[in-house]
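1. Structural data only, the sequence is not supplied:
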Ligand code: HEM
């Protein structure tokens, strides 16, 4: 597996001259700057490499590094959201005729194009077939089925893998969602959510059929998803009340005339906070957990996918295909049934006492497997280095420059040099001008014990998400800003990720 062309293919491919040519606070194009007038921070590769090496989570996932306020499912909802925002299916021909990427590009939006593709007309292979001639695509997504597994008591097959073609590639809107098994099962949950909404409409709105039913289901799914992202996910990440405050009082720093762009302060720094939330080891289901067969390490979670791992479809019988090292069996036709997720362990569903995996604290520490990404060598395999380096390449300002600009209290030098990573900050004299991504993680650690972001991180994240939703003319904020969720949830007028999982009603298929 190589991460060079992996998920989030946008910021990393960005050409700095294009970015600078169009960075204004009007409508700069696909990318832009939230703080265009602040000076860039330059730091040598040697210093970045030392700092990255110090950003290592404790071995064995010590409970003291857990963030009890954010269940681990949100980490991968965050990755799913990243792929939705950064997916650009603009045809290569259009990209070539618009090299400045100012016109023919897809704007970043929470519109689930990573789920829907361009709809059943253009991507019929993503949808189940109608059962009647001419057997065209139905309004429901196609689902994949699991393989028998060694545990005899697991029913087989179950409709709980991504749909795949004969060589194991996922038939989904964005292949990056088959990069690790938790994001893959999150994608599957959204496929099933759409299908459940189709059933809901069949019962409650029988007047809607055909394309009208599909369009209405897509609206319901997208609006509930946007609500979850703003008020269940971003609300947990950011300072209390900030999302609602900005919604009512307006954005101050992320500004555009009509078309949202992707701010590099968000994509190359703040929203990479998710990397620090990743756990090295998970209790995945009753089989793969502490006290079970073996806990689910990151390495295993990469292995049981088609993009990064061992799922190769029919090629399982081809002796010329190399098995994936570290994965039992080494080659798989599809997902074995014992690897279906138990959602009770990833979101607080309030159903029983099953312990929920916490995400890791938002702090300058990354799981050890993220320091040696499979398929990469040297510093390319060190995710923390790649994030820091990307910040320098894209000429991001320091954390302090942004804090001063937005009127936030600056972290003190004493705060910044605390801990083993802080010792490296001090050694390299980075405490007065600190790389933005690191500063945001340190701010969360120092000000909120790693449970949520501080003012710089919160402002960039909250303003970007609200701006992206508001700038999308199909979104609930644009169309009906006082809209409240209409599907049944635990509290009337609200809808959370836990409500979505319960609505799908497939919480723990293997029992
Ligand atoms: C196991 C989990 C993950 C892995 C292995 C991973 C890996 C990567 C890699 C290799 C990059 C490219 C780095 C570069 O060269 O610039 C990247 C970019 C990125 N990641 Fe992750 N990531 C993971 C989870 C997450 C999560 C949970 C989030 C957010 C909640 C996230 C947000 C991002 C963002 C925003 C980018 C930049 C996207 C772009 O504009 O290109 N990632 N990730």
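-> That came through fine. Everything quoted here is computed from the prediction, not taken from an experiment.
2. My guess is residue 222 contacts residue 475. True?
-> Yes: A contact is recorded between residue 222 and residue 475 when judged using Cβ atoms under 8 Å, the distance being 7.4 Å. C-beta coordinates here come from the backbone N, C-alpha and C atoms, glycine included.
3. Find residues that contact each of the two.
-> Residues touching both residue 222 and residue 475 (Cβ atoms under 8 Å, 6 or more residues apart in numbering): 110-111.
4. Please report how far residue 187 lies from the ligand.
-> 14 Å (Cβ to the nearest ligand atom, to the nearest Å).
5. what's the burial count for that residue?
-> 23 (other Cβ atoms under 10 Å).
6. Next, the buried residues of the helix or strand encompassing it.
-> Counting by DSSP states H and E, the element that carries residue 187 is helix 181-204. Of the residues in helix 181-204, 181-198, 200-201 count as buried by neighbour count, 16 or more other Cβ atoms under 10 Å.
7. so what secondary structure elements neighbour that helix?
-> helix 73-86, helix 113-116, strand 137-141, helix 210-228, helix 298-303, helix 497-504 (3 or more Cβ pairs under 8 Å, 6 or more residues apart in numbering; DSSP states H and E).
8. Turn the ones you listed into TSV, including mean neighbour count.
-> Conversion of the helices and strands packed on helix 181-204 to TSV gives the following (neighbours: other Cβ atoms under 10 Å):
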stretch	mean neighbour count
helix 73-86	24
helix 113-116	23
strand 137-141	22
helix 210-228	19
helix 298-303	22
helix 497-504	21
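9. could you redo these as CSV and give each row distance to the ligand and mean pLDDT?
-> Supplementary listing: the helices and strands packed on helix 181-204 in CSV, determined by distance: least, Cβ to the nearest ligand atom, whole Å; pLDDT from 0 to 100:
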stretch, distance to the ligand, mean pLDDT
helix 73-86, 3, 96
helix 113-116, 13, 94
strand 137-141, 23, 95
helix 210-228, 14, 97
helix 298-303, 6, 95
helix 497-504, 14, 98
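10. all strands of the stretch 351-500 of the chain, in order?
-> Shown for the stretch 351-500 of the chain, the strands assigned by DSSP state E, counting those that start in this stretch span residues 358-360.
11. Would you map the helices across it?
-> 383-393, 399-406, 413-416, 419-427, 436-448, 455-470, 476-479, 497-504 (DSSP state H, counting those that start in this stretch).
12. mind checking the end-to-end distance for stretch 489-502?
-> 9 Å (Cα to Cα, to the nearest Å).
13. tell me which parts of the stretch 151-300 of the chain are close to the ligand?
-> Residues of the stretch 151-300 of the chain found near the ligand, taking Cβ under 6 Å from any ligand atom as the criterion, are 180, 267, 271-272, 274-275, 278.
14. neighbours around residue 508, how many?
-> Residue 508 has 17 neighbours, counted by other Cβ under 10 Å.
15. Also residue 44?
-> Around residue 44 sit 10 other residues, with neighbours defined as other Cβ under 10 Å.
16. pLDDT averaged over the helix holding residue 187 - what is it?
-> Taken as a whole, helix 181-204 has a mean pLDDT of 98.
17. center of this structure, which residue is that?
-> For the chain, the residue sitting closest to the mean C-alpha position, by Cα atoms, centre = their mean, is residue 79 at 1.1 Å.
18. Quick one: residues contacting the closest residue to that residue other than its chain neighbours.
-> In space, residue 79 comes closest to residue 183 once its chain neighbours are excluded; the distance is 4.9 Å by Cβ to Cβ, 6 or more residues apart in numbering. Residues touching residue 183, when contacts are defined by Cβ under 8 Å, 6+ apart, comprise 76, 79-80, 83, 176-177.
19. Closest one to residue 340 out of those, please.
-> Checking these against residue 340 by Cβ to Cβ gives residue 76 as the nearest, at 15.1 Å.
20. ok and the residue in the stretch 201-350 of the chain nearest the ligand?
-> residue 274 (2.2 Å; Cβ to the nearest ligand atom).
21. Remind me which helix or strand that residue belongs to.
-> Going by DSSP H and E, residue 274 is in helix 274-277.
22. Which strands or helices does that helix pack on?
-> helix 73-86, strand 358-360, helix 383-393.
23. Can you list the low-confidence ranges for the stretch 301-450 of the chain?
-> In the predicted model, the stretch 301-450 of the chain carries no residue with pLDDT under 70.
24. on that earlier part again, would TSV of the residues of the stretch 151-300 of the chain next to the ligand with distance to residue 294 be doable?
-> As requested, those are arranged in TSV below (distance: Cβ to Cβ, whole Å):
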residue	distance to residue 294
180	17
267	35
271	32
272	29
274	25
275	24
278	19
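25. Compare these and tell me which has the most neighbours.
-> These, ranked by neighbours (other Cβ under 10 Å): first place residue 271, 27 neighbours.
26. surely that residue meets residue 462?
-> No: contact status for residue 271 versus residue 462: not in contact, 11.4 Å apart, counting by Cβ under 8 Å.
27. Return the distance of the residue nearest to the centre of the chain relative to residue 233.
-> Taking Cβ to Cβ, to the nearest Å as the measure, residue 79 falls 12 Å from residue 233.
28. Dihedrals phi and psi, residue 68?
-> Backbone torsions for residue 68, taken as degrees, to the nearest 10, come to phi -60, psi -10.
29. Name the nearest residue to it, ignoring sequence neighbours.
-> The spatial neighbour of residue 68 that comes closest, neighbours along the chain excluded (Cβ to Cβ, 6+ apart), is residue 358 at 5.3 Å.
30. Pull up the gap between the one you found and residue 447, please.
-> Residue 358 sits 19 Å away from residue 447 when distances are taken as Cβ to Cβ.
31. related to what we said a few turns ago, from what I see, the residue of the stretch 201-350 of the chain closest to the ligand and residue 78 are in contact.
-> Yes: the pair formed by residue 274 and residue 78 meets the contact definition of Cβ under 8 Å, at 4.4 Å.
32. returning to what we had before: moving C-terminal of the helix holding residue 274, what's the next helix or strand?
-> Heading C-terminal from helix 274-277, the first helix or strand you meet, by DSSP H and E, is strand 281-282.
33. What helices and strands are in contact with that following strand?
-> Using 3+ Cβ pairs under 8 Å, 6+ apart as the contact test, the elements touching strand 281-282 are strand 296-297.
34. roughly how far out does stretch 318-334 sit from the chain middle?
-> Computed by Cα atoms, centre = their mean, to the nearest Å, the separation of stretch 318-334 from the middle of its chain amounts to 27 Å.
35. For that stretch, which outside residues touch it?
-> Stretch 318-334 is touched from outside by 144-147, 161, 164, 168, 299-300, 303-304, 309-316, with contacts defined as Cβ under 8 Å, 6+ apart.
36. Would you mind naming what in the stretch 351-500 of the chain lies close to the ligand?
-> Applying Cβ under 6 Å from any ligand atom, one finds that the stretch 351-500 of the chain approaches the ligand through 383, 386, 390.
37. quick one: the first one from residue 52, how far?
-> Separation of residue 383 from residue 52 (Cβ to Cβ): 8 Å.
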